[in-house]
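> What follows is a predicted structure for the sequence shown.
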Amino acid sequence: MTERIPRSIFIIATLLGVSVLVYAAYSRPWYFTSQTYISGLIFLEFLLAAVWLYRRVFFPALLVTFLFAGINLPVGRGWTSARWLVLGVGALVGLLLVLKDRRQDFDFFHLAAFFTVLTGLVSAAVSQYPSVALLKVLSFLLLFIYAATGVRVAAIGREKNFFNGLLVGCEIFVAANAFFYAVGVEAMGNPNSLGAVMGVVAAPILLWGILLGGKPAVHRRRVVLYVICVCLAFISHARAGIAAGILSSAVLCIASRRYKMLFQGFGIVKAAGDFIVYVVCRLQKQCGRYSRIADLPLADRDG
């Protein structure tokens, strides 16, 4: 993206930006001593750098932004609102790039997704809380636009590296969540968030990595992480996430004609479900009215 900008414009923009910062530091020095303003300035610089290197940097930057907004750790503070700004900028820039290049086609899948957004808009119009519902529809629309434009722009021409990086990221994410839950820390905070990322994102991508094959050690590692991913989805009690993980995994197996793996997968899912039910029953017996670890008082979770 940088090679398309003339060098003279780049130099002028740099000098102008430095001049504005010097003037602001001289006329309004309190801006540079406020933690809020400094944090906002750093965030804008981060966003501009991601847009500048849009094809290579923006997609992982967006994933990190949503990850920080969803985790229940100190690093996640302040990203809840900022993530929608990042998603909106990504959708707008991706749409402009697609319209400029005119190399991407839109087919029936994108049309169906567009009508899904319209259905959500109609539902929000008759909702009991229309303003909240409309915001959710807007976020879904931005996500659809970015997935149809920005993600495709980021992947085109380097599909292998793109999906390999996505697969490695999912492996690290599932292993990190398993570690945090093993030591009693609910990193994702909201159980629905855990179910969504495990069922909608991690499960199909890890299964795709299993279908790719590879070295025996790598294959076994991905199988173990997939089982852990399924267990975490059941622990979340998020029915939509569990259903999405099962359905997407079944579609992958059927599309690749791996029918034996499909039945093996159903066996893994059943075993994971039985294990979670057993653990929950034991917790109910030990803790009385509490049915989940998340419902226990902080003083009782270690027990």
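Perfect, I can see it now. Residues are numbered from 1 along each chain as shown.
> Low-confidence stretches in this protein?
The model of the chain has pLDDT under 70 over residues 1-10, 13, 30-35, 72-78, 103-104, 189, 272-273, 276-303.
> residue nearest the centroid of it?
Note on the chain: the residue nearest the mean C-alpha position is residue 63, at 5.1 Å, using Cα atoms, centre = their mean.
> That one and residue 260, how far apart?
Distance from residue 63 to residue 260, counting by Cβ to Cβ, to the nearest Å: 33 Å. Glycine gets a C-beta too; all of them are placed from N, C-alpha and C.
> do the same with residue 59
Applying Cβ to Cβ, the value for residue 59 to residue 260 is 34 Å.
> who's more crowded, the two?
Applying other Cβ atoms under 10 Å to residue 59 and residue 260 shows that residue 59 carries more neighbours, namely 22 against 9.
> residues touching the more buried one, list them.
Listed by Cβ atoms under 8 Å, 6 or more residues apart in numbering, the contact partners of residue 59 are 150-151, 154.
> That one sits in which helix or strand?
Residue 59 is part of helix 59-70 when elements are defined by DSSP states H and E.
> Pull the residues that contact the helix or strand following that helix.
Proceeding C-terminally, helix 59-70 gives way to helix 79-101 as the next helix or strand, assigned by DSSP H and E. Outside helix 79-101, the residues within contact range by Cβ under 8 Å, 6+ apart are 43, 47, 50-51, 54, 58, 61-62, 65-66, 68-69, 104, 139, 142-143, 145-146, 149-153.
> and if you look at stretch 121-135?
Outside stretch 121-135, the residues that reach it (Cβ under 8 Å, 6+ apart) are 120, 136-137.
> what distance separates it from the middle of the whole chain?
The gap between where stretch 121-135 is centred and where its chain is centred comes out at 24 Å by Cα atoms, centre = their mean, to the nearest Å.
> end to end, how far does that stretch reach?
In terms of Cα to Cα, to the nearest Å, the two terminal residues of stretch 121-135 are separated by 10 Å.
> That concludes my questions; thank you for your assistance.
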